[in-house]
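Undergrad: Return atomic coordinates for the entry below.
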Amino acid sequence: MGILDVFLHCFSYTFLLGAFTVVLFMYLISPSSFSTKKHGKEPPGPRPLPLLGNLHLDLKKPYNTLLELSKKYGSVFTVYLGPKKVVVLAGYKTVKEALVDYDDVFGDRNPLEIIRELTQSHGKLLLWSNGDSWKEMRRFALTNLRDFGMGKRACEDKINRQVQVADRKNLPFTDAVIHETQRLSSIVPTALPHKTTRDITFQGQFIEKGTTVFPLLTSALYDPNEWERPHSFYPAHFLDKEKTFVKRDAFILFSAGCRVCLGESLARMELFLFFTTLLQHFRFIPAPGVSEDELDLTPAVGFTLSPLPHKRRAISRM
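TA: Below is the predicted model of the structure:
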């Protein structure tokens, strides 16, 4: 081994040792080891790795990991997505309190960097805008939705189905099945990122202005304090003793507060009309050679959760 090889070997070893020492030091003094003494304690959470954050999140089901973390750290806790600090809100009462009772604090959006660049180049988007521009675009969107017929009989004529929304009260079990399917298989497990507009001490935890906040909607839909069988398909969640359909406050599928989905009533109407019409005309069974046990209900993870492709047979009832 030449002198140069020995030098390079020693240099590599020294560099790696130094790098390890720096990473270890950063880990020991990471933000999770501090608390804001001046204002009070910050939301707890798992200790992050420097720059990398909390790597133990299940990328296939990140919402499940967050649900498990809420059992350990409580309904208001912190995770780091890379170097980005995020406060997660879990449980119906906590999510509702933040988005409805303190909507002036938790109501702003915190757009992803790619969205920020897009809006700067192509104008504002309603989903990610804040302040007066958001209020103006929201009014414009609501006006156009009403002109289209949202919440009106005219909209039913545009969809042209045999059943009508007015029939819903006569089909309580059907309505309950639709709601329970949405509750158990929510396609949006967490609301779009919010951010705080000012410093706030929320449920005993200090959250500073500008902090990214994830309201975990799934935690409300699976909250054991609100649902008798949170992890089972149980349409009776939406039926009273007389088998009449009942609304549930914890059913916040479309978020809550000032940022609730504008098209909620339109989506509910369309879903009811399409679902009932399809079931009136067809019976759906697995394709030949496929058993019900082989159907994988695990969703594909993307911007939203979507079902995996399945082969089905639609048999006419006519």
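Undergrad: Report the next helix or strand after the worst-scoring helix or strand of the chain on mean pLDDT in sequence order.
TA: Sorting the helices and strands of the chain by mean pLDDT, DSSP states H and E puts helix 3-28 at the bottom, at a mean of 45. Remark: after helix 3-28, the chain's next helix or strand is helix 62-73, criterion DSSP states H and E.
Undergrad: which ones are touching residue 226?
TA: Contacts for residue 226 (CB atoms under 8 Å, 6 or more residues apart in numbering) come out as 92, 220, 248, 249, 250. Yep, even glycine has a C-beta here, placed from its N, CA and C like the rest.
Undergrad: Confirm residue 175 sits in a helix?
TA: Yes. Counting by DSSP: H, G, I helix; E, B strand; the rest coil, residue 175 falls inside a helix.
Undergrad: how far away is it from residue 167?
TA: According to CB to CB, to the nearest Å, residue 175 stands 10 Å off from residue 167.
Undergrad: between the two, which one's more packed in?
TA: Legend: neighbour count by other CB atoms under 10 Å for residue 175 and residue 167, higher for residue 175 (23 against 14).
Undergrad: who touches that one in this structure?
TA: 168, 238, 245, 272.
Undergrad: Of those residues, which belong to helices?
TA: In helices, judged by DSSP state H, the following of the contacts of residue 175 are found: residue 272.
Undergrad: among the contacts of residue 175, which one has the lowest pLDDT?
TA: On pLDDT alone, residue 168 ranks lowest of the contacts of residue 175, at 86.
Undergrad: Confirm for me that it is in contact with residue 272.
TA: Yes. In this structure, residue 168 is within contact of residue 272 by CB atoms under 8 Å, at 5.8 Å.
Undergrad: what is in contact with the two at once?
TA: By CB under 8 Å, 6+ apart, the residues touching both residue 168 and residue 272 are 174, 175.
Undergrad: neighbour count winner among the two?
TA: residue 272 (21 against 18).
Undergrad: and that one, what is it in contact with?
TA: 163, 165, 168, 174, 175, 178.
Undergrad: do you know how far the fourth one is from residue 279?
TA: If I follow you right, that is residue 174. 8 Å.
Undergrad: Neighbour count for these two, which is higher?
TA: Taking other CB under 10 Å, residue 174 and residue 279 do not tie; residue 174 has more neighbours (18 against 13).
Undergrad: tell me the centre residue of this protein?
TA: Nearest residue to the geometric centre of the chain (CA atoms, centre = their mean): residue 190, 1.1 Å.
Undergrad: pLDDT value on that one, please?
TA: For residue 190, pLDDT reads 85.
Undergrad: Over to residue 109?
TA: 82.
Undergrad: Neighbours of it, how many?
TA: By other CB under 10 Å, neighbour count at residue 109 equals 19.
Undergrad: Which residue or residues pair with it through a beta bridge?
TA: Here residue 109 sits in beta bridges with residue 194, as judged by DSSP bridges.
Undergrad: Am I right that it is in contact with residue 193?
TA: Yes. Using CB under 8 Å, residue 109 makes contact with residue 193 at a distance of 6.7 Å.
Undergrad: intersection of neighbour lists for the two?
TA: In contact with both residue 109 and residue 193: no residue, using CB under 8 Å, 6+ apart.
Undergrad: list the contacts for residue 248?
TA: Residue 248 makes contacts with 179, 226, 237, 238, as judged by CB under 8 Å, 6+ apart.
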